[in-house]
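Student: A structural model of the following input is requested.
(2 chains)
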Number of protein chains: 2
Amino acid sequence: MKRVKLVVAYDGTNYKGWQIQKNGETIESVLNRILSQMTGETVRVMGASRTDSGVHAMGNIAVFDTNVRMPGDKFSYALNQRLPEDIRIQHSCEVEPDYHPRYQHTVKTYEYRILNREFPLPAYRLNTYFTYHPLDVERMRQAASYLTGEHDFQSFCAAGAQVNTTVRTIYSLQVLKEGELLIIRVSGSGFLYNMVRIIAGTLMKIGRGEWEPEQMQKILAAKDRRAAGPTAPAKGLTLMSIEDFAERCGE
Amino acid sequence: MKRVKLVVAYDGTNYKGWQIQKNGETIESVLNRILSQMTGETVRVMGASRTDSGVHAMGNIAVFDTNVRMPGDKFSYALNQRLPEDIRIQHSCEVEPDYHPRYQHTVKTYEYRILNREFPLPAYRLNTYFTYHPLDVERMRQAASYLTGEHDFQSFCAAGAQVNTTVRTIYSLQVLKEGELLIIRVSGSGFLYNMVRIIAGTLMKIGRGEWEPEQMQKILAAKDRRAAGPTAPAKGLTLMSIEDFAERCGE
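Tutor: Presented below is the predicted three-dimensional model:
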């Protein structure tokens, strides 16, 4: 028996998120089905991050156990032959038998992509949120600066989410501009439910001039979801990477 | 009666090209249907470039006549409310009644996009050709340099195409590298059938080291389609723009 780690990229457009649901395909259900077909075993993957319906990933992580003799690094090639083209394994390797993707010390990086111009572009429609309201990047950068570091992010947590603590640490939060594309890039040790999408929705309100950048401090202090802006749509969000210090996989 | 010009962007993945076909949706058929519904007239658009099945556009051009009183620049907004999200009008304006998109002196620019890395990325799957064979950009640039200027491009014309002359002028042909993405960007006054895709297929053969860059001169001199490389797949090709000096639309 060995444990294999997968780095998984996907376009979430056609999936009901990562976690298995009663109705509809999920990334987890596709990986379980294809791995079970491939190995002849009943495979159950464990994911590092249960991304929501419509959210994308460049580097989510999954782990599974198998008795198949194939070397860990060959699973990526074998799986990519069988997976639908909106899911692609980027890397695979054997890890220690007690390795668990959710109990490691990690840095997660998300990007929220916004196309800001007069009309939508079809090439951006699946993984970018479109808005024609002009966004002021400097205002968004100033507002973003109040969020880095350790804070109680209760105002940026979906109402009703069950968590022990709403204190989290944001290591970096950048607002990048590449022509008509705005990218909110955020890294942290962990995020509350909908936290990145609520941050994106709040930054867009400030970028449009509806709120002043300093409002972000008041929103943090309020510790109340109703103080923050709306949850930005799932399609703009991509889980870019999960840096995993416990297991480098020889990368 | 007035004549209206549209600048049209589309993802060609789900269409059988621009031109109306007996079986399957085309960009032209969708535009005709939506414009006819919108105006209550029987509208027939004329396109500047009849892109092939699976080819994309950022700026193809269409023209149509209508008696509707709406100002030319408002058609973009009205159409985008009704079109499927893989087609979006980027600009509209009224033009002279004798304006015809195929009889103007124009510069067309195409891009052929190649993702060159070990595994495909789902986010690039619709508009980028994937290859894991390492491509040497410097070799491709040297080969590309032989193609700029006026030449007989018969070797780069799909066999059986009916044309008066296979002489064309390429104004510029660049091979750009943006990380793992290679972009072949070519501008000219006009292109033969499949010309850009045959150039891309030939440059990739040279980039992989199967042919020397100097082979490009022999391929040109052969004036024989069989001398060139394969036709690269449609999905990598995007018609970026048609610069139209006769009609600036006040842009």
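
Student: contacts only, for the closest residue to chain B within the stretch 51-200 of chain A.
Tutor: Relative to chain B, the nearest point of the stretch 51-200 of chain A is residue A:122 (4.1 Å; CB to the nearest CB). Glycine gets a C-beta too; all of them are placed from N, C-alpha and C. The contact partners of residue A:122, taken as CB atoms under 8 Å, 6 or more residues apart in numbering or on different chains, are B:9-11, B:56, B:85-88.

Student: can you say which of those residues are buried?
Tutor: B:9-11, B:56, B:86-88 (16 or more other CB atoms under 10 Å in any protein chain shown).

Student: which of the residues you listed are close to chain A?
Tutor: Filtering those for proximity to chain A by CB under 8 Å from any CB of the partner chain leaves B:9-11, B:56, B:86-88.

Student: off-centre distance for the helix or strand hosting residue A:216?
Tutor: Here residue A:216, judged by DSSP states H and E, is contained in helix A:215-222. With CA atoms, centre = their mean, to the nearest Å as the basis, helix A:215-222 stands 24 Å off its chain's centre.

Student: can you list contacts of the very next helix or strand once past that helix?
Tutor: Following helix A:215-222 in sequence order, the next helix or strand is strand A:237-244 (DSSP H and E). Contact with strand A:237-244 is made by A:48-49, A:51-52, A:55-61, A:101, A:104, A:106-113, A:127, A:185, A:196-197, A:200, B:123, as judged by CB under 8 Å, 6+ apart.

Student: partners of strand A:237-244, with directions?
Tutor: Strand pairing for strand A:237-244, using DSSP bridges, gives strand A:56-66 (parallel), strand A:106-116 (antiparallel).

Student: out of these, the one nearest residue A:175 is which?
Tutor: Closest of these to residue A:175 is strand A:106-116, at 9.6 Å (criterion: CB to CB).

Student: now the nearest residue to residue A:212 once chain neighbours are set aside, what's its secondary structure?
Tutor: Once flanking residues are discounted, residue A:212 sits nearest to residue A:206: 7.2 Å by CB to CB, 6 or more residues apart in numbering or on different chains. Three-state call for residue A:206 (DSSP: H, G, I helix; E, B strand; the rest coil): helix.

Student: could you report the neighbour count for residue A:206?
Tutor: By other CB atoms under 10 Å in any protein chain shown, the residues close to residue A:206 number 24.

Student: let me have the strands paired with strand A:237-244 in a markdown table, adding distance to residue B:15 as columns.
Tutor: Converted to a markdown table, those look like this (distance: least, CB to CB, whole Å):
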| stretch | distance to residue B:15 |
| --- | --- |
| strand A:56-66 | 24 |
| strand A:106-116 | 22 |
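
Student: would you list the ones you listed in CSV and tack on distance to residue B:16 and mean pLDDT?
Tutor: Output for the strands paired with strand A:237-244, formatted as CSV (distance: least, CB to CB, whole Å; pLDDT from 0 to 100):
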stretch, distance to residue B:16, mean pLDDT
strand A:56-66, 28, 97
strand A:106-116, 27, 96
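
Student: which one of those strands lies closest to residue B:230?
Tutor: For those, proximity to residue B:230 was assessed by CB to CB; strand A:56-66 is nearest, at 30.4 Å.

Student: interface residues of chain A facing chain B?
Tutor: Counting by CB under 8 Å from any CB, chain A sits next to chain B at A:9-11, A:56, A:58, A:76, A:80, A:85-90, A:119-123, A:125-127, A:238.

Student: among those residues, which are located in strands?
Tutor: A:9-10, A:56, A:58, A:87-90, A:238 (DSSP state E).

Student: can you pick out the most distant pair from those residues?
Tutor: Maximum distance among these (CB to CB): 16.7 Å, for A:89 and A:238.
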